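> From the sequence below, what's the structure:
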Amino acid sequence: MKLTFSSDIEAADVERRIIAGVVVPFNKVGYTSVGPVVFESGSITIPDTTKIKLLAQHDPTNPIGRAQSFQTSDSAITGSFKISNSTTGQDFLIRASEGLIASLSIGVEVVASKPSKDGTLYVQEAIMKEVSLVESPAFSDAVVTKVAASESEAAQPTNPTTESESVVTTAPIEDTPVETVEDAPVVEAAARPTVKAAAPYFTSPRSPIQTMGGYALHSIKAKLGDEDSALYVRAAADAMTTNTAFNPTQYLSNIFVSNTNFGRAAVDACSRAALPASGLTLNIPSLITPTDTAPTVASTAESAAPSDTGMTSEYLSYTVTKYAGQQTISLELIERSDPVFMDQLMIQLERAYLKATDAAVIAALIASGTAATATAATSAGLISFLSAESAKAYAGTSYFAKNVILGTGTWGAVMGYTDSTGRPIYNASQPWNAAGDVKASSIKGNLLGLDAYVDVNAVATAGADNSAFVIAPEAVTIFESPTAMFSVNVVSSMSVNLAIYGYMAPAVLQAKGVRKYKTA
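Numbering: from 1, shown residues only. The predicted model follows:
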């Protein structure tokens with residue numbers, strides 16, 4: 001059985017790094033780790049004095065000093081300790097000198113004991129294992145007896161009678177002869193002691209396990225047969241896994257993981273306009289069909305009639321399409337969930353709307369655009385596509401090509417294009433001949449002067465047909481209404497149907513202004 005109990009510190013000499021005081025009084029009742037205990041006179045055997053360490057709070061992994069001497073009388077054991085010149089030792093020494101840590105506490109292994117009728121355990125034989133610096137004493141009547149005079153005096157006693165006489169006596173406990181404790185063989189503290197009389201109390205041990213490293217250390221010792229370490233490990237087993245009732249599920253309301261944040265690159269690369277307030281068909285006057293005729297102006301001689309070409313036109317028609325999505329939400333989810341749920345639900349509905357409408361624009365570009373002259377799926381082929389089709393877009397629409405849309409596969413291929421020396425073409429830092437700038441950190445870059453937009457809805461395969469589009473923005477207009485929310489209460493199930501919707505008509509006004517990538 002292992003006991004720990006404490007008494008007041010006599011004094012702390014900060015400069016000489018000495019702490020001294022009563023380690024344990026005899027024949028006094030103290031309240032220890034197993035209840036009320038009385039140590040009979042001479043009941044404690046001290047092994048090799050130099051092997052007794054001074055611990056901090058009975059933590060065997062945190063020694064802060066070593067015993068210099070002990071004195072045993074009929075009334076008490078007093079001790080003097082040299083504190084380590086470490087950061088921890090300095091901290092405890094200062095706290096002791098300021099009275100914040102006021103007690104010395106001894107740890108012993110009981111060899112023989114007997115209980116009394118009132119429950120007090122009388123210890124007849126025990127072995128000192130360690131002494132600790134702690135906050136509160138177990139023995140309220142412990143008295144201060146000694147303080148070290150100097151470090152040199154402690155090392156070289158002036159009176160060679162006993163080692164403990166190297167200190168200056170300030171308040172003796174009793175006028176009784178002092179017994180010098182001789183060094184005894186070292187006794188390891190790990191093994192469980194033999195107890196001749198069973199203790200009537202048991203409490204959980206004061207565990208030295210304070211960190212994950214300490215737990216690992218005692219786990220290893222326990223597997224090697226150290227029963228004290230096994231007891232510490234068992235005491236530490238009361239964890240969250242065994243107390244799940246006090247381990248509620250937590251989540252971060254300011255973080256929501258999703259893969260829906262793509263935006264609408266194709267829409268951004270085109271012109272945009274508000275959708276008219278009524279009608280499901282857009283009719284736009286046009287002069288671009290083969291049957292349309294535009295007015296002409298010609299060189300005219302004096303007194304001659306001017307050029308007279310009658311203008312004829314017709315409508316281009318585009319269908320207005322509704323895009324909508326819904327969620328059915330229970331009343332409990334609305335009223336009892338974290339308010340962040342509704343915020344995230346609305347964000348995800350909006351992102352779904354953006355993705356669907358962007359995909360519709362890509363589909364319109366493919367359906368109504370003009371296929372480019374086929375080129376190789378190489379860096380040279382890309383340059384040929386961009387330069388030739390930009391010129392054709394201007395020639396066919398009278399508007400300059402300004403944007404290029406890239407699918408993710410073609411985007412990745414472009415970033416990997418290199419010149420004959422292996423240097424990157426489109427993401428080099430300060431190149432001599434800047435062909436453009438396309439980076440993995442942005443969905444917008446530059447290719448041969450065209451603003452490059454990366455769109456996840458475009459064909460992803462590198463070099464595939466329709467995996468890139470050269471756009472003259474004025475040739476394509478996206479007519480769109482604002483998005484709106486629509487909700488209906490369903491009384492029969494006490495739920496709510498919530499929907500997002502909007503109207504859009506992607507209008508490719510001039511097919512020659514949309515040049516679709518085609519591979520040879």
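> Wait, Val404 touches Asp451, no?
Yes - if you go by Cβ atoms under 8 Å, Val404 and Asp451 touch, sitting 7.2 Å apart. Where you see a C-beta, it was placed from the backbone N, CA and C, and this is true even at glycine.
> of those two, who's got more company?
Val404 (29 against 17; other Cβ atoms under 10 Å).
> Touching, Ala484 and Tyr503? I think so.
No - the criterion here is Cβ under 8 Å, and Ala484 misses it with Tyr503 at 9.6 Å.
> Neighbour count: those two, which is higher?
Higher neighbour count among Ala484 and Tyr503: Tyr503, with 20 against 11, using other Cβ under 10 Å.
> Need the nearest residue in space to that one, chain neighbours excluded.
In space, and not counting its chain neighbours, Tyr503 is closest to Ser481: 4.3 Å by Cβ to Cβ, 6 or more residues apart in numbering.
> Now for the one you found: which residues touch it?
274-275, 502-504 (Cβ atoms under 8 Å, 6 or more residues apart in numbering).
> ok, and the most crowded of those residues?
Result: Met504 is most packed of those (other Cβ under 10 Å), 22 neighbours.
> Which residues are in contact with the residue nearest to that one when sequence neighbours are not counted?
Closest residue to Met504 apart from its sequence neighbours, by Cβ to Cβ, 6+ apart: Glu480 at 4.5 Å. Residues counted as contacts of Glu480 (Cβ under 8 Å, 6+ apart) are 272-275, 357, 502-505.
> for Ala269, same thing?
Contacts of Ala269 (Cβ under 8 Å, 6+ apart): 403-405, 451, 453, 469, 471, 473.
> Need phi/psi at the nearest residue in space to it that is not next to it in sequence.
Closest residue to Ala269 apart from its sequence neighbours, by Cβ to Cβ, 6+ apart: Asn403 at 4.1 Å. Main-chain dihedrals, Asn403, degrees, to the nearest 10: phi -130, psi 160.
> Could you measure from Asn403 over to Ala393?
Asn403 sits 10 Å away from Ala393, going by Cβ to Cβ, to the nearest Å.
> And these two? Which one has more around it.
More neighbours surround Ala393 than the other of Asn403 and Ala393, with 25 against 21 (other Cβ under 10 Å).
> tell me the SS of the more buried one?
helix (DSSP: H, G, I helix; E, B strand; the rest coil).
> just to revisit the earlier point, I'd like the distance between the residue nearest to Met504 and Ala371.
27 Å.
> Same question for Leu231.
Distance of Leu231 to Ala371, given as Cβ to Cβ: 81 Å.
> okay, those two: which has more neighbours?
Neighbours per residue (other Cβ under 10 Å) separate Leu231 from Ala371, with Leu231 holding more: 17 against 14.
> Which helix or which strand is home to the more buried one?
Taking DSSP states H and E as the definition, Leu231 sits inside helix 227-235.
> So Gln344, which state does it fall into?
Per three-state DSSP, Gln344 ends up helix.
> Please report how far it lies from Ala462.
Taking Cβ to Cβ, one finds Gln344 at 34 Å from Ala462.
> Among these two, which residue is more densely surrounded?
Ala462 (19 against 13).
> any idea of the pLDDT on the more buried one?
Note for Ala462: predicted pLDDT of 82.
> next one: phi and psi at it?
According to degrees, to the nearest 10, Ala462 has phi -60, psi 130.
> Quick check: end-to-end length of stretch 410-421?
Start-to-end span of stretch 410-421 (Cα to Cα, to the nearest Å) is 22 Å.
> Give the buried residues for that stretch.
The neighbour-count check on stretch 410-421 (16 or more other Cβ atoms under 10 Å) flags 410-411, 413-414, 417 as buried.
> Now do the contacts for the residue lying closest to Pro60 once chain neighbours are set aside.
Leaving aside its sequence neighbours, Pro60 sits nearest to Pro208 (Cβ to Cβ, 6+ apart; 5.0 Å). Contact partners of Pro208, counting by Cβ under 8 Å, 6+ apart, are 58-62, 214, 218, 232.
> For the stretch 201-350 of the chain, give me the ranges with low pLDDT.
The stretch 201-350 of the chain contains residues with pLDDT under 70 at 201-207, 210, 235-244, 246, 253.
> repeat that with 90
201-263, 286-294, 313, 334, 336-344 (pLDDT under 90).
> And the strands in it, which stretches?
Along the stretch 201-350 of the chain, counting by DSSP state E, counting those that start in this stretch, strands occupy 271-274, 281-286, 314-319, 321-330.
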